[in-house]
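Peer 1: Here is a sequence together with a model predicted from it:
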Amino acid sequence: MRATVRDGRAPCREVSPAAWLRRAGPGATALDLPPLTAVSTIEHLRHTRTEALALIGDLEREAAAIAASTAGSPDDEHDAEGSTIGFERARVASLLESARVSLAGVDEALDRARQGNYGRCDQCGDLIGEERLALLLTTTRCVACSSARVTARLPRRPLASPRR
């Protein structure tokens, strides 16, 4: 991922974070990097936001259509199509909630990009890998911090008893 970086040498140029660190010299860390504004990533986030809004609109219309179809007979239990209607209502509600959560994540990522924090781990402040950001556009943690968080939530297994 190429990023537009304000590096002090030019007002705004395309520089990869790795190239910037090499030019910064020995001892430079990811914490020394200037804030990144990845133009292609921001465009991708905006596109993802537009798609999420369209999906939410479609699902809201579908939920309204289901509600309208059951307005005459709201008793799903005694309707021949009741279980199907109940399933569809639950399916649409679940998809709608998922789309809203996704939209909230994209909005948070766009806010982080505006503040210059997009692509930085919330926990350690290090850069999140380009591959991870490409796959998980709205992630807020690097692999190490995310792994530590998951590991901390895993139940501890008792040690195996010694064999006799």
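Peer 2: Thanks, I have it.
Peer 1: ok so R100 is a helix residue?
Peer 2: Yes. Judged by DSSP: H, G, I helix; E, B strand; the rest coil, R100 forms part of a helix.
Peer 1: how close does the closest residue to it other than its chain neighbours get to G125?
Peer 2: Distance criterion C-beta to C-beta, 6 or more residues apart in numbering; nearest residue to R100, sequence neighbours excluded, is I56 at 6.4 Å. Where you see a C-beta, it was placed from the backbone N, CA and C, and this is true even at glycine. In this view, I56 and G125 are 33 Å apart by C-beta to C-beta, to the nearest Å.
Peer 1: Same drill for the two, tell me which one is more crowded.
Peer 2: More neighbours sit around I56 than around the other of I56 and G125, counting by other C-beta atoms under 10 Å; the figures are 16 against 13.
Peer 1: The more buried one touches V101, doesn't it?
Peer 2: No. Assessed by C-beta atoms under 8 Å, I56 is found out of contact with V101, at 10.8 Å.
Peer 1: OK, contacts around C145?
Peer 2: Contacts for C145 were tallied using C-beta atoms under 8 Å, 6 or more residues apart in numbering; they are C121, D122, Q123, C124.
Peer 1: R141 - that's part of a strand, no?
Peer 2: No. Under three-state DSSP, R141 falls outside any strand and is assigned coil.
Peer 1: I'd assumed I85 was in contact with T70.
Peer 2: Yes. Look at T70 against I85 with C-beta under 8 Å: they come within range, at 5.8 Å.
Peer 1: what sits against D122?
Peer 2: So D122 contacts T140, R141, C145 (C-beta under 8 Å, 6+ apart).
Peer 1: Try it again at 10 Å.
Peer 2: If a contact means C-beta atoms under 10 Å, 6 or more residues apart in numbering, then D122 has R112, I128, T139, T140, R141, C142, C145 as its contacts.
Peer 1: Am I right that it falls within a strand?
Peer 2: No. The secondary structure assignment for D122 gives coil rather than a strand, going by three-state DSSP.
Peer 1: so how far is R141 from it?
Peer 2: D122 sits at a distance of 6 Å from R141 (criterion: C-beta to C-beta).
Peer 1: Could you tell me which residues touch both of the two?
Peer 2: I128.
Peer 1: separation between A109 and C121?
Peer 2: 13 Å.
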